[in-house]
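**Student:** next come a sequence and a model predicted from it.
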Amino acid sequence: MRCPGVKPNSITFLGLLGTCTKSGDLGIGKLIQLYIIKKDIPVTENLRNGLLYMYTKFGDTYYALKLFHMMDVKTVCSWTSMICGFKQKVEKILTEMPEKDLISWNSMVVGYA
């Protein structure tokens with residue numbers, strides 16, 4: 001919803017991204033990012049981390065990694081989002097693995113260390 005004379009800022013978009021993430025709608029999240037780019041909204045560190053979190057939460061590690069590499073400042077939040085996103089991928093791969101051995105389980109455990 002837009003109101004005349006009221007401009008959304010990074011806090012507004014951070015809240016919207018959080019809602020998209022909770023509702024499970026990556027498409028709307030991508031549209032919000034597109035709006036931010038088209039309207040030249042200043043992207044704060046928090047907003048950038050919100051975008052990163054959204055992509056990793058949906059398992060979209062391609063865009064998460066792309067965004068991560070474009071970040072000038074990588075905070076603990078940025079790094080944690082990336083680790084969690086890739087951890088989900090590793091867990092998925094391990095559950096799909098038809099035959100697991102000691103080496104595959106050890107690799108998973110080392111990844112958590």
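**Tutor:** Happy to help now that I have it. Predicted, not measured: the structure shown is a model, and the values here were computed from it. Numbering: from 1, shown residues only.
**Student:** make it CA atoms for all contacts and neighbour counts henceforth
**Tutor:** OK.
**Student:** what sits against Lys26?
**Tutor:** Quick fix: residue 26 is Leu, not Lys. With contact set as CA atoms under 8 Å, 6 or more residues apart in numbering, Leu26 has these partners: Cys20, Met54, Tyr55, Phe58.
**Student:** mind giving me the packing neighbours of the longest helix along the chain?
**Tutor:** Looking across the chain with DSSP state H, the single longest helix is helix 76-96. The contact analysis (3 or more CA pairs under 8 Å, 6 or more residues apart in numbering; DSSP states H and E) places helix 76-96 against helix 45-57, helix 61-70, helix 102-112.
**Student:** and the ones you listed: which comes nearest Thr95?
**Tutor:** With respect to Thr95, and counting by CA to CA, the nearest of the helices and strands packed on helix 76-96 is helix 102-112 at 10.9 Å.
**Student:** low-scoring stretches of the protein, by residue?
**Tutor:** The chain contains residues with pLDDT under 70 at 1-2, 111-113.
**Student:** gap between Tyr62 and Asp101?
**Tutor:** 29 Å (CA to CA, to the nearest Å).
**Student:** and the two? Which one has more around it.
**Tutor:** Tyr62 (11 against 7; other CA atoms under 10 Å).
**Student:** gap between the more buried one and Val110?
**Tutor:** Counting by CA to CA, the gap from Tyr62 to Val110 is 23 Å.
**Student:** Phe58 now?
**Tutor:** Distance from Phe58 to Val110, by CA to CA: 24 Å.
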